[in-house]
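**Student:** structure, please.
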Amino acid sequence: MIDMHVHLVPPNLPGSGPLSTTLELPVVERVKVIRREMKSGGMSTVLAMGAYSISAQDPLGAASTLELIESVPGLFAIGVMDPTRDDREHFRRVDAALADQRIAAMKGYLGYLHYEPSHANYRRYYELAEKHSVPVIFHTGDTYSRLAKLKYAQPLLIDDVAVDHPRCRFVIAHLGNPWMLDAAEVVYKNDNVWADLSGLIVGDKSLFSDDEWDDALSDIASRVLHALHYAEKPDRILYGSDWPLIPMKGYQRFVADLLPDAWHEGVFDANARNLFSRLSS
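**Tutor:** Just a heads-up that it's a prediction; the model follows:
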């Protein structure tokens, strides 16, 4: 199985903090934890977000994730796009960085960064994504920061760039939660848009064992399934957990239980392999 949305380093986004104390552990300890989580959740491959720490030496904020790859079999990195950059030299460095086959995609942090996906500086990344055949993932929906602006995180904004860049493949992270039907409409309408199911609930393993959460989990499952049926594209739905914000094993079971059995192979494996070409290279 493939978990295409995890964090192994603090994202370094405005107002977000480290996300989890797990991400502040020494590298050796973090490696032990992620390998244990992958085994318990049955994950053979994980795609880990980079950090918004852009420099000339690290134009996609992926260096700290790439350093872990030899210690975590099945790990791929996701670079971070910086919409504040518009200089030619930066994009030359991004172009060169994307030659690294261990970088499977790029991500834009809508809401956390106050730029819409149609901003000119983002569009230069889409051109490079097309050139290197890597998808572009966008955070959408609720954020982990009071400094974020939600108007930039609305999944309907992805429609603009999906239409303008038909050869670029886009992923709506978190199914746009709470705007799940909006996200589903964008997937339904555009053949170059996928959605992931990461981060729909956040907490520890007690979420899955304490009866007081049953109604809340049932409500989320119902809303997710309604949106997915509306989209009518089970081949465009990807599994992600948003670990360490939720245990891998419990979240995988939660998603498996809400999905029709016929969708499992695609959502948990095949859809990601079809989208992320570097997983098979």
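**Student:** from here on, contacts and neighbour counts on C-alpha atoms
**Tutor:** Will do.
**Student:** can you show me the strands along the stretch 101-250 of the chain?
**Tutor:** Along the stretch 101-250 of the chain, counting by DSSP state E, counting those that start in this stretch, strands occupy 103-109, 136-139, 170-172, 193-196, 237-238.
**Student:** could you dump those strands to TSV with distance to L25?
**Tutor:** Below are those laid out as TSV (distance: least, C-alpha to C-alpha, whole Å):
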stretch	distance to L25
strand 103-109	23
strand 136-139	25
strand 170-172	29
strand 193-196	27
strand 237-238	28
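**Student:** now those in TSV, with distance to D95 and mean pLDDT?
**Tutor:** Compiled in TSV, the strands of the stretch 101-250 of the chain are given as follows (distance: least, C-alpha to C-alpha, whole Å; pLDDT from 0 to 100):
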stretch	distance to D95	mean pLDDT
strand 103-109	12	98
strand 136-139	14	98
strand 170-172	18	99
strand 193-196	23	98
strand 237-238	26	98
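**Student:** of these, which is nearest V31?
**Tutor:** strand 103-109 (18.6 Å; C-alpha to C-alpha).
**Student:** what pairs with that closest one, and is each one parallel or antiparallel?
**Tutor:** strand 75-80 (parallel), strand 136-139 (parallel) (DSSP bridges).
**Student:** point out the most buried one among those strands.
**Tutor:** strand 75-80 (a mean of 27; mean count of other C-alpha atoms under 10 Å).
**Student:** which residues does that strand contact?
**Tutor:** Strand 75-80 is contacted by residues 45-52, 60-62, 65-66, 68-69, 102-109 when judged by C-alpha atoms under 8 Å, 6 or more residues apart in numbering.
**Student:** kindly report the same for stretch 249-268.
**Tutor:** 1-3, 37, 40-42, 205, 208, 221-222, 225, 234-239, 241, 272.
**Student:** I'd like the next helix or strand past the helix or strand harbouring H264.
**Tutor:** Counting by DSSP states H and E, the element that carries H264 is helix 264-265. Using DSSP H and E, the helix or strand that follows helix 264-265 in sequence is helix 271-275.
**Student:** and that following helix, what does it pack against?
**Tutor:** strand 237-238 (3 or more C-alpha pairs under 8 Å, 6 or more residues apart in numbering; DSSP states H and E).
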